[in-house]
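**Q** below are the sequence and a predicted model; questions follow.
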Amino acid sequence: MGSSSRNEAETVNLIIVGLLLIGLSTLIYCSSTLGDTNTKGDKTSTNALLLVNTSQDEGSTRKIPQSLFGVSFEEINHAGVGGLWGELVSNRGFESGGRHSPSIIDPWSTIGNYSLVKVSTDLSSCFNRNPVALRMEVVCDTSSCPAGGVGVYNPGYWGMNIEKGKTYKFVVYIRSLNPINVTVSLTDSTGMQTLATANTIANDVSNWKKMEVVLEAKVTNHNSRLQLTTNRKGVIWFDQVSLMPMDTYKGHGYRNDLFKMVADLKPGFIRFPGGSYVEGNFLRNAYWWKDTVGPWEERSGHFNDIWSYWNDDGLGYFEFLQLAEDLGASPIWVLNSGFSHQEAIDTSNITPFVQDALDGIEFARGDSNSTWGSIRADMGHIEPFNLKHVAIGNQDCQMPHYRANYLKFYDAIKKAYPGIKVISNCDGSSTQLDHPADMYDYHVYVNARTMFSMAHKFDLTSRIGPKAFVSEYAVVNDGGSGNLLAALAEAGFLIGIEKNSDIVDMASNAPLFLNANNKGFVPDAIVFDSYRAYGTPSYWMQRFFSVSNGATLLHSDLQSNSSESLMASTILYQNPVDKNNYIRVKVLNYGSNQVNMKIAIKGLDPGLIDYSKSSKAVLSSTNVMDENSFQNPTKVSVVQSLIKKCRNDMNVVLQPNSLSSFDLLILSKDIVQIITMNDMSYVSLSKV
């Protein structure tokens, strides 16, 4: 920022100082305890005082970025394939073995032995980008086929979740030289119990024909499969077999319960599609966005060789952008900068990669008459998406040619789209970058103790230059499959991020999802199977920060004889539901002793607090190694209760190994929030 802007901002601040009321020196008067522990005479308890300043003096308030806390999605642990994305058929196009024949058709299997039905693949598909089709030769006929016929079945991703009363859209491309009568069924895992069924009958399918059937389940079974059977002799070809629940979020294809869990985090942004997934182990298996757009039947799919499973790319670039819009989150697109884990593209050959990035931005932001914007419009989204950030690569800073490649991307993107913020992979937290960037990407995977200590990571970072994007953080090694210890350590880190939100612009935990049947990387925030899901302690911890985006950070001073294990932050925010203003005090007790804390708030008349609508929340458990599970999904979760006013102070008891928050409802409507040119926010709380 230039000196002219600074002077103008300082003038505005002086005017604000003259207009705002001087903070009162009174304290909030109330009493609140956490748990049933009686601290009288307890030699293991310690004392602490938290002083919160709500007045504008001493620069005690600051605006928190609107997108500070978000989520980072990577196609890992079957997060999308068999997870967030609703498609129930695995390997729907029979392409998982590659574009050749014979191809691997797993998890498809036959119904009937080889003497009755013969299954193979050939390159006869009507889709050029995914040429493999399934060829099923039925040897038996109506007199010799077993009851129910012969055919093939698909168990989906460790069993399909089929629920009574719900409808499912079945789509198949089919071809045969003879008339067909194929039974489409949803059954239990053995094929013995039928949940839904319909017949697909056609006299002329000599050319490929798309056929659709809506199936309504009469029975619930969480471990179901899809069957295609017949008792007519002949050869039938199948391709692009799909089964989608018809109740996905807004019909956009996202599994409702998993979408809601992400939405409940109120993410300010979503980073996608990775992660190492962007690079691939080899470039031929990297994520190339152009292969993931257009009609789903024509998407080629690719092998996710980093995490070792096939991806039909139903959840593609368009769907990620739509997901961000549905979440009300800013999309952060991570693009390939010319590297896989095994390969590096020389800068002299990087031009096609740069053009691919420009085309991707045009797909998202271009008008409906542009080359790539028109494809987006044809997919049903005429208006551009709100793409404002792109990250050039993932953890590539140490790769050969990265800086040179990066500059090619940076210059081209800034020339075509000056408003796009470009994110570098190089760390600028300790030393300034040697290349231009709007932000730099910072990843941290460490043990719990180190994570907690990293609350001060950005305290001394220069405030000049690009801001930090902490796109991947998590406790590993002693985090188990997601325990309370990890969540509390991460909470300390996030409190530090919140206090340093003038230099840290965005932060997200990673990975976001874990399919319980594919534990490629742990711990994670959300664990699921075909029909269930639960949040790990880290997930519940992140919800404490869900209202911080766009809130006002208040200065708080923590005084304690156990300062090494205590952290606190305070914000002023408006609840989006009731539109009321609240002060939220978050306190982390990372120690094994309970703490008696007095919370004193300067600059606020105590009569402006409505305690009947003020609440507290606590994340804790009997053991820091406790984890949640399908059997006990809320063993470690948030316990909420009301705050009770008792006497002329606010004394709270913090349980050992706990994260607590206190939401205090402010009655006054005379709350002035002014964001000046230097992105500072000043707050006046005064009695009506």
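**A** Sure, I can see it.
**Q** stretch 240-257: how far from the chain's middle?
**A** Chain-centre distance of stretch 240-257: 18 Å, with Cα atoms, centre = their mean, to the nearest Å.
**Q** pLDDT of it, averaged?
**A** Average pLDDT, stretch 240-257: 98.
**Q** would you map the strands across the stretch 151-300 of the chain?
**A** Using DSSP state E, counting those that start in this stretch, the strands assigned to the stretch 151-300 of the chain run over residues 160-162, 167-176, 180-187, 194-202, 209-216, 221-230, 234-245, 269-272.
**Q** just those strands: most buried one?
**A** Ranked by mean neighbour count, those are led by strand 269-272 with a mean of 28 (mean count of other Cβ atoms under 10 Å). C-betas here are computed from N, CA, C, even on glycine.
**Q** neighbouring strands of that one in the sheet, and parallel or not?
**A** Sheet pairing of strand 269-272 (DSSP bridges) gives strand 69-72 (parallel), strand 330-335 (parallel).
**Q** quick one: average pLDDT of the next helix or strand after the first one?
**A** So the one you mean is strand 69-72. Moving toward the C-terminus from strand 69-72, the next helix or strand (DSSP states H and E) is strand 109-111. What strand 109-111 shows for mean pLDDT is 97.
**Q** contacts for strand 109-111, please.
**A** Residues outside strand 109-111 that contact it (Cβ atoms under 8 Å, 6 or more residues apart in numbering): Val117, Val119, Gly148, Gly149, Val150, Gly151, Val152, Tyr153, Pro155, Gly191, Gln227, Thr229.
**Q** the first one pairs with what?
**A** In other words, Val117. Applying DSSP bridges to Val117 yields these beta-bridge partners: Val138.
**Q** which SSE is the residue of the chain positioned farthest from its centre in?
**A** Distance from the centre of the chain peaks at Ser143, with 53.8 Å (Cα atoms, centre = their mean). Using DSSP H and E, Ser143 falls within no helix or strand.
**Q** sorry, back to before: return the most buried member of the strands paired with strand 269-272.
**A** Among the strands paired with strand 269-272, ranked by average contacts under mean count of other Cβ under 10 Å, first place goes to strand 69-72 (a mean of 27).
**Q** so what's the gap between it and the chain middle?
**A** With Cα atoms, centre = their mean, you get 6 Å for strand 69-72.
**Q** identify whichever of the strands of the stretch 151-300 of the chain lies nearest to Ser430.
**A** Nearest to Ser430, of all the strands of the stretch 151-300 of the chain, is strand 269-272, at 22.6 Å by Cβ to Cβ.
**Q** average pLDDT across the closest one?
**A** For strand 269-272, mean pLDDT is 98.
**Q** what residues does the following helix or strand past that strand touch?
**A** Sequence-wise, the next helix or strand downstream of strand 269-272 (DSSP H and E) is strand 302-304. Strand 302-304 has contacts (Cβ under 8 Å, 6+ apart) with 75, 81, 96, 98, 277, 280, 285, 287-288, 291, 309-311, 313.
**Q** same check, this time on stretch 442-454
**A** With Cβ under 8 Å, 6+ apart as the test, stretch 442-454 has contacts from 395, 427, 429, 457, 468-479, 485-486, 488-490, 492-493, 496, 590.
**Q** can you check stretch 395-405 too?
**A** Stretch 395-405 has contacts (Cβ under 8 Å, 6+ apart) with 276, 279, 337-339, 344-347, 350, 353, 392-393, 424-427, 434-435, 441, 443.
**Q** kindly report the same for stretch 179-198.
**A** By Cβ under 8 Å, 6+ apart, stretch 179-198 touches 111, 148-149, 151, 153, 155, 159-160, 162, 168, 170, 172, 174, 199-205, 213, 215-221, 223-230, 232, 234, 236, 243.
**Q** endpoint to endpoint, that stretch covers what distance?
**A** With Cα to Cα, to the nearest Å as the measure, the first residue of stretch 179-198 is 17 Å from its last.
**Q** same question for stretch 155-169.
**A** Start and end residues of stretch 155-169 are separated by 16 Å (Cα to Cα).
**Q** got it, and stretch 172-186?
**A** End to end - Cα to Cα - stretch 172-186 spans 15 Å.
**Q** below-threshold pLDDT in the stretch 351-500 of the chain: ranges please.
**A** Within the stretch 351-500 of the chain, no stretch has pLDDT under 70.
**Q** all strands for the stretch 501-650 of the chain, in order.
**A** 504-509, 513-515, 526-528, 533-535, 552-560, 566-574, 581-589, 595-602, 609-619, 638-642.
**Q** export these as JSON lines, with columns for distance to Gly70, mean neighbour count and mean pLDDT.
**A** Shown next, in JSON lines, are the strands of the stretch 501-650 of the chain (distance: least, Cβ to Cβ, whole Å; neighbours: other Cβ atoms under 10 Å; pLDDT from 0 to 100):
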{"stretch": "strand 504-509", "distance to Gly70": "5", "mean neighbour count": "26", "mean pLDDT": "98"}
{"stretch": "strand 513-515", "distance to Gly70": "15", "mean neighbour count": "24", "mean pLDDT": "98"}
{"stretch": "strand 526-528", "distance to Gly70": "15", "mean neighbour count": "25", "mean pLDDT": "98"}
{"stretch": "strand 533-535", "distance to Gly70": "16", "mean neighbour count": "22", "mean pLDDT": "98"}
{"stretch": "strand 552-560", "distance to Gly70": "18", "mean neighbour count": "19", "mean pLDDT": "93"}
{"stretch": "strand 566-574", "distance to Gly70": "17", "mean neighbour count": "23", "mean pLDDT": "96"}
{"stretch": "strand 581-589", "distance to Gly70": "18", "mean neighbour count": "24", "mean pLDDT": "96"}
{"stretch": "strand 595-602", "distance to Gly70": "29", "mean neighbour count": "21", "mean pLDDT": "91"}
{"stretch": "strand 609-619", "distance to Gly70": "20", "mean neighbour count": "18", "mean pLDDT": "89"}
{"stretch": "strand 638-642", "distance to Gly70": "20", "mean neighbour count": "13", "mean pLDDT": "92"}
